[in-house]
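[1] Sequence and predicted structure, then a few things I'm wondering about:
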Amino acid sequence: MATETFYYDNKIVRNFAQATLIWGIVGMLVGIIIAFKLVFPEFLGGIAELSYGRLRPLHTNAVIFAFAGNAIFLGIYYSLQRLCKARMWSDTLSKMNFWGWQAIIVSAAVTLPLGYTQSKEYAELEWPIAIAIAIVWVIFGINMMMTIYKRRVKHMYVAIWFFIATFVTVAILHIVNNLVLPVSFLKSYSIYAGVQDALVQWWYGHNAVAFFLTTPFLGFMYYFIPKAANRPIYSYRLSIVHFWALIFIYIWAGPHHLLYTALPGWAQSLGVVFSVMLIAPSWGGMINGLFTLRGAWDRVRKDPVLKFLVVGVTAYGMATFEGPMMSFKNVNAIVHYTDYIISHVHTAALLWNGGLTFAMLYFIIPRIFNTPLYSVKLANFHFWMATLGTVIYVIPIYWGGVVQSLMWKEFNDAGTLMYPNFMETVSHLIPMYFARAIGGTMFFVGILAGMYNLQKTMRSGSLISDEKAEANAAEFRADRRKGGSFHRWLEASPTQFTVLTVVAIMIGGVVEYIPTALVKSNVPTIESVKPYSPLELVGRDIYIAEGCVGCHSQMIRPFRSETERYGEYSKAGEFVYDRPFLWGSKRTGPDLHRIGGKYPDSWHYMHFMDSRSTSPGSIMPSYPWFLDRKINLDEVPAKIRVLQRLGVPYRDGYDQEAVADLRAQAEEIAGGLQAAGFEADWDSHMIAVIAYLQRLGVDIKASPQATSE
Amino acid sequence: MRRNVIESIQGIEIFPLISLVIFFVFFAILIIWVIRLKRKDLDEYSKMPLEEDEPHNQISNIDKKNKEVDHE
């Protein structure tokens, strides 16, 4: 019997572990900063690059793609080698994966505060970075798939299936959602507009949660729980059902982010049905993970790795129960646009993704450094800070979200809104925002303790860069015989397995995507809706760059409480020139879809300079740089041309007239402001943003008859 | 032009039926697979993560106070 000797690459695992820790600290620190900004609006105020709207996407991108992203590579590079009994296929590709990913993160950390953003949630990064992400992701995929092909065991363990699904699905989602036409090096317009853009974005957004934050971590659950508990998985049969059912159903559920919006009804219903069905595979997986610990629960008391795993999987169960519940239209009517969603997300992100990541770190680092953990006590401290910090974070915001929503919806006996002033509902939230910031800080202290503990552990041991391992190659070859069941064959055939995975995820994607993208009758056109003027277009791009969408929706749902407060509900046909769509997902401030014409220009001027001068109690920061910063007029013709290519009906040659039109409109607004006693240059950001806001939602008033074909 | 491809979907009523069939077939096949798997193979697969037995893989995070470290 020939025994082959080979070496696992632990150095790359160590590198990803360090990156996970460092970016985790950075991402969460930014989270704490923006949490405090909601309590103290002028905290770090007056600096454009550090304003809430720009830092929020930095926080989400840092924790998702930098922290969880590096954790995904950490876990896969560690477990895949061992499950395949093979070193990663190419050290060069491993290094390209590592350094490429870090370069992408750094470029995100630079461009997002500078205001370069596509504004679609979790897909903010502009096109050159989006292309780099695709390339690095494919490098990772090739390295992983080739390692699987070169494995020295026949069967692909269930964790590997989840890794394969992660790779192929994220690649597809990322590419489809980032189809844009560039205007310049860091500015582009989505090829989708309005409703279609919203549907594609949330098909992406929902499945990014599914295939970036769920499937790889389920793979880790299937690997690290058995390892840490020294028990085989509870039911391998259940894991097969779990995998196929989960990836098949997940992809359909995206429209639950768009209930009661202008999205076609059939797509909303489809989203609800599949979201409710999702509870079955999700809980099947959770049960499989927790039941693996039967007979080993005494160890959970002692081992911080198991503690993090158990709390993580439990949080996964809570979040995947909440998800389907929030997809019911009547529940969604209450929780959507509120901070409830933020709590839901953080239950999962902090405890499920965070918990599993810390479990992996505490498991892997002592092993690859061949030394015991520096301090188990400190790890236990980390665990309790993480758990209690999350509890203190989520509970006030869960509560606050529901309370605020009920206040938005409450009517008095006279039949008018009980709280017509939005600020009244905001001031109720401030103590809860404060508690949230404290909880987040506790979580952060925990991760600092973890960082110290793990660095000390690394110092006290020495890295086994190339870990010796052996496998019986002859046994493997003998095992390659044909026969057995179909699934047995499939589990041993990576190519066929991957193809089938793609088929499973494509069915739902195609059914949802193609009709909305192609069927014109899904978006009834409205005669009076016209393209934006050049000045409004520029103002809209500033609105995007400042991240206004992070707090303001532009989508009034057809509820009496919303039409009373904001005006006529939003129609699909009103968004046909919105590239990208700006419906938003959270109302920290009021909806803006019918803001046009509601207040004079001077009101907006004062509101931007000091929001509390017009709206006492407002937590919006001030935007003094709107007066200093000038519109880039050189870019305007290019913007018009790109939009023409995308089908926006500007007349031929309009790109050459656009700047003159822009100036005429801007000077009119500046003149009006001057008459009211406010100074602003015609080419300042202030004028453009005011022009955009005054245009919002007014087209439909020009002629009330909407033509639906 | 691109938009006109499926502009007029005829017989859209059949879509729910097709969906039901797709789902039924998908889960029926899945269940059959799973039931047909052999106990012996499953046991072997589920032990895969536990197969490494290098000594340093036995490093435990168990608190030093609870020295009765349990490695069966």
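    Thanks, I have the structure now.

[2] per-residue confidence at residue 1?
    Chain wasn't specified; assuming chain A. With respect to pLDDT, residue A:1 scores 55.

[3] let's do chain B instead
    pLDDT, residue B:1: 34.

[4] Low-confidence bits of chain B, can you list those?
    B:1-16, B:52-72 (pLDDT under 70).

[5] hmm, 50 instead?
    B:1-9, B:54-72 (pLDDT under 50).

[6] longest single helix anywhere in it?
    helix B:14-36 (DSSP state H).

[7] Which strands and helices lie in contact with it?
    Judged by 3 or more C-beta pairs under 8 Å, 6 or more residues apart in numbering or on different chains; DSSP states H and E, the packing partners of helix B:14-36 are helix A:236-250, helix A:486-491, helix A:494-518. Where C-beta positions appear, they are placed from N, C-alpha and C, glycine not excepted.

[8] For that helix, output the C-alpha coordinates as PDB.
    Extracted in PDB, the C-alpha atoms of helix B:14-36 (Å, rounded to 0.1, in the frame of the first residue of the first chain):
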ATOM      1  CA  ILE B  14     -49.700  27.100 -17.200                       C
ATOM      2  CA  PHE B  15     -46.800  28.700 -15.200                       C
ATOM      3  CA  PRO B  16     -48.100  27.800 -11.700                       C
ATOM      4  CA  LEU B  17     -48.700  24.300 -12.900                       C
ATOM      5  CA  ILE B  18     -45.200  24.000 -14.300                       C
ATOM      6  CA  SER B  19     -43.800  25.400 -11.000                       C
ATOM      7  CA  LEU B  20     -45.600  22.800  -9.000                       C
ATOM      8  CA  VAL B  21     -44.300  20.000 -11.300                       C
ATOM      9  CA  ILE B  22     -40.800  21.300 -11.000                       C
ATOM     10  CA  PHE B  23     -41.000  21.400  -7.200                       C
ATOM     11  CA  PHE B  24     -42.600  18.000  -6.900                       C
ATOM     12  CA  VAL B  25     -40.100  16.400  -9.200                       C
ATOM     13  CA  PHE B  26     -37.200  18.100  -7.500                       C
ATOM     14  CA  PHE B  27     -38.100  17.100  -4.000                       C
ATOM     15  CA  ALA B  28     -39.300  13.600  -5.000                       C
ATOM     16  CA  ILE B  29     -35.900  12.900  -6.600                       C
ATOM     17  CA  LEU B  30     -34.200  14.300  -3.600                       C
ATOM     18  CA  ILE B  31     -36.100  12.100  -1.200                       C
ATOM     19  CA  ILE B  32     -35.500   9.000  -3.300                       C
ATOM     20  CA  TRP B  33     -31.800   9.700  -3.400                       C
ATOM     21  CA  VAL B  34     -31.600  10.200   0.300                       C
ATOM     22  CA  ILE B  35     -33.600   7.100   1.200                       C
ATOM     23  CA  ARG B  36     -31.500   4.900  -1.100                       C
END
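
[9] Could I get the full set of strands for the stretch 451-600 of chain A?
    A:466-472 (DSSP state E, counting those that start in this stretch).

[10] same thing with the stretch 101-250 of chain A?
    Going by DSSP E, counting those that start in this stretch, the stretch 101-250 of chain A shows strands at A:180-184, A:187-190.

[11] Quick check: which of those strands is nearest to residue A:109?
    Ranking the strands of the stretch 101-250 of chain A by proximity to residue A:109 (C-beta to C-beta) places strand A:187-190 first, at 18.8 Å.

[12] what's in contact with that closest one?
    A:116, A:118, A:120, A:126-127, A:179-183, A:197, A:541, A:579-580, A:635, A:639, A:642-643, A:646 (C-beta atoms under 8 Å, 6 or more residues apart in numbering or on different chains).

[13] let's go with 6 Å and repeat that
    With contact meaning C-beta atoms under 6 Å, 6 or more residues apart in numbering or on different chains, strand A:187-190 is reached by A:127, A:180, A:181, A:182, A:197, A:579, A:580, A:642.

[14] Give me the ChimeraX select line for those residues, limited to the buried ones.
    Listed next is the ChimeraX selection for buried residues among the contacts of strand A:187-190, using 16 or more other C-beta atoms under 10 Å in any protein chain shown:
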select /A:127,180,197,579,580,642
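
[15] and the longest helix of chain B with helix A:494-518, angle?
    Interaxial angle, helix B:14-36 versus helix A:494-518 (axes from the mean of the first three to the mean of the last three C-alpha atoms, to 10 degrees): 160 degrees.

[16] Check which residues of helix B:14-36 are buried.
    For helix B:14-36, by 16+ other C-beta under 10 Å, it's B:19, B:26, B:30, B:33, B:34.

[17] what about the fourth one, distance to residue A:491?
    Looking back up the chat, that one is residue B:33. 10 Å (C-beta to C-beta, to the nearest Å).

[18] for the third one, same thing?
    When C-beta to C-beta is applied, the distance between residue B:30 and residue A:491 equals 13 Å.

[19] what do you get for the first one?
    Between residue B:19 and residue A:491 the distance, using C-beta to C-beta, works out to 28 Å.

[20] same thing with residue A:298?
    For residue A:298, the distance to residue A:491 - C-beta to C-beta - is 33 Å.

[21] can you check residue A:131 too?
    For residue A:131, the distance to residue A:491 - C-beta to C-beta - is 34 Å.

[22] which of these two has more neighbours?
    residue A:491 (23 against 13; other C-beta atoms under 10 Å in any protein chain shown).

[23] Please name the residues that touch the more buried one.
    A:155, A:156 are the contacts of residue A:491 under C-beta under 6 Å, 6+ apart.

[24] Could you do residue A:119 as well?
    A:544, A:549, A:580.

[25] Could you tell me how many residues sit around the closest residue to residue A:679 other than its chain neighbours?
    Take residue A:679 and drop its neighbours on the chain: the residue closest to it by C-beta to C-beta, 6 or more residues apart in numbering or on different chains is residue A:673, 7.4 Å away. Residue A:673: 21 surrounding residues under other C-beta under 10 Å.

[26] same deal with the one 5 residues further on?
    Residues near residue A:678, counting by other C-beta under 10 Å, number 17.

[27] cool, residue A:470 as well?
    12.

[28] does it have beta-bridge partners, and which?
    residue A:5 (DSSP bridges).

[29] ok so, going back, out of the contacts of residue A:119, who's near chain B?
    For chain B, no contacts are drawn from those by C-beta under 6 Å from any C-beta of the partner chain.

[30] between those, which is nearest chain B?
    Nearest to chain B among the contacts of residue A:119 is residue A:580, at 18.8 Å by C-beta to the nearest C-beta.

[31] For burial, what's the neighbour tally of the closest residue to the closest one other than its chain neighbours?
    Nearest non-adjacent residue to residue A:580, counting by C-beta to C-beta, 6+ apart: residue A:190, 4.4 Å away. For residue A:190, the neighbour count with other C-beta under 10 Å is 24.

[32] same deal with the one 4 residues further on?
    Around residue A:194 sit 23 other residues, with neighbours defined as other C-beta under 10 Å.

[33] give the contact list for it.
    Counting by C-beta under 6 Å, 6+ apart, the residues that residue A:194 touches are A:575, A:576, A:578, A:581.

[34] For chain A, give me the ranges with low pLDDT.
    For chain A, the ranges with pLDDT under 50 are A:705-709.

[35] next helix or strand past the longest helix anywhere in it?
    Longest helix in chain A, counting residues (DSSP H): helix A:376-409. Downstream of helix A:376-409, the next assigned helix or strand under DSSP states H and E is helix A:422-427.

[36] List the buried residues for that following helix?
    A:422, A:423, A:425, A:426.

[37] Just say helix, strand or coil for the residue nearest to the second one when sequence neighbours are not counted.
    When you say that, I think you mean residue A:423. Nearest residue to residue A:423, sequence neighbours excluded (C-beta to C-beta, 6+ apart): residue A:617, at 4.1 Å. Residue A:617 carries the three-state label coil when classified by DSSP: H, G, I helix; E, B strand; the rest coil.

[38] What parts of chain A come near chain B?
    Residues of chain A found near chain B (C-beta under 6 Å from any C-beta) are A:155, A:157, A:223, A:226-227, A:232-233, A:236-237, A:240-241, A:244, A:302-305, A:366-367, A:370, A:372-373, A:376, A:485, A:487, A:518-520.
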